[in-house]
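Colleague: no sequence on this one, just coordinates:
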């Protein structure tokens, strides 16, 4: 991919976001410092989803008062997409890369958000994928179908990679997600030569460890970023919303590929996060996605960072 192409894409990112979506370029809307590690949370826009995408398998009578409590529509959801940027020394790391221009009309503004921090695609040294769903992966290619982050090495959990690269996945995945499988395999093939793999518990770079949080996808990983005695958990989609996922973490969610396993993962993780008072960054949690978990009886609550 030529420099002129990359420059064109980076230079028009902000214009595309403002003219097509009616948005102004977004600056970092959260910043966390952990020793010599700086985390910035930036926006890739938001999704518009039918409520049934999450609420479909849930008991409707028990669900109704939770939605009322949180002022959430049963019909339409508009979750934000929060991408985490890590900078440490000469490393500039993205955890997921957003949707790019081809998945949803109100997403794809990541480059404009990074530009507000003075970060361009060529600056990115590492990209770590929590999982390979479209809103986390599809932004890896530019409008010419070339890798957008030309200088980056890529990292993904080995199980996640093997699942999406398996040619049988397109036939075994739920029919509503067939495009997910086709799109993931096509994009991962484009970056296969620079992909590195990790497993649960691996320290993938100084201060960053992989934590298996499977169920949303077969190899979903969260990332624990630690500086001294302080830590932040980058959740990806293992906790996918601020309402029913916290109020009833043991319920099956339609957004998860293995609903029962994802619920089991969510319950255990909620308990750990609340007990340890760990700060979290949620890809689809409201606002800037940062906060912590509090436990109340058998339920939990998301407490946004002030």
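Modeller: Ah, there it is. Small disclaimer: the values here were computed from a predicted structure and weren't measured. Numbering: from 1, shown residues only.
Colleague: For the rest of this, base every contact and every neighbour count on C-alpha atoms.
Modeller: OK.
Colleague: Listing request: residues of the stretch 1-150 of the chain with sub-threshold pLDDT.
Modeller: Along the stretch 1-150 of the chain, segments meeting pLDDT under 70 span 1-28.
Colleague: could you pull out the strands for it?
Modeller: With DSSP state E, counting those that start in this stretch as the criterion, the stretch 1-150 of the chain has strands at 30-34, 37-46, 49-50, 76-77, 80-88, 91-95, 126-129.
Colleague: And those strands: which comes nearest residue 291?
Modeller: strand 30-34 (10.5 Å; CA to CA).
Colleague: now the angle from the closest one to strand 37-46?
Modeller: Between the axis of strand 30-34 and that of strand 37-46 there is an angle of 160 degrees, by axes from the mean of the first three to the mean of the last three CA atoms, to 10 degrees.
Colleague: Strand 30-34 - contacts with which helices or strands?
Modeller: Using 3 or more CA pairs under 8 Å, 6 or more residues apart in numbering; DSSP states H and E as the contact definition, the elements that strand 30-34 packs against are strand 37-46.
Colleague: for the strand it packs on, packing partners?
Modeller: Helices and strands in packing contact with strand 37-46 are listed as strand 30-34, strand 80-88, helix 110-115; criterion 3+ CA pairs under 8 Å, 6+ apart.
Colleague: Need the ones you listed in JSON lines (columns: distance to residue 145 and mean neighbour count).
Modeller: Output for the helices and strands packed on strand 37-46, formatted as JSON lines (distance: least, CA to CA, whole Å; neighbours: other CA atoms under 10 Å):
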{"stretch": "strand 30-34", "distance to residue 145": "31", "mean neighbour count": "16"}
{"stretch": "strand 80-88", "distance to residue 145": "21", "mean neighbour count": "24"}
{"stretch": "helix 110-115", "distance to residue 145": "16", "mean neighbour count": "26"}
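Colleague: on that earlier part again, mind putting the strands of the stretch 1-150 of the chain in a markdown table, distance to residue 112 included?
Modeller: Below are the strands of the stretch 1-150 of the chain laid out as a markdown table (distance: least, CA to CA, whole Å):
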| stretch | distance to residue 112 |
| --- | --- |
| strand 30-34 | 16 |
| strand 37-46 | 9 |
| strand 49-50 | 23 |
| strand 76-77 | 24 |
| strand 80-88 | 12 |
| strand 91-95 | 14 |
| strand 126-129 | 18 |
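Colleague: beta partners for residue 154?
Modeller: According to DSSP bridges, the residues that bridge with residue 154 are residue 127, residue 195.
Colleague: Tell me if I'm right that it and residue 124 touch.
Modeller: No - when contacts are counted by CA atoms under 8 Å, residue 154 is not listed as touching residue 124 (10.4 Å).
Colleague: thinking again about what came up before, format the helices and strands packed on strand 37-46 as TSV; extra columns: distance to residue 73.
Modeller: Shown next, in TSV, are the helices and strands packed on strand 37-46 (distance: least, CA to CA, whole Å):
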stretch	distance to residue 73
strand 30-34	26
strand 80-88	15
helix 110-115	27
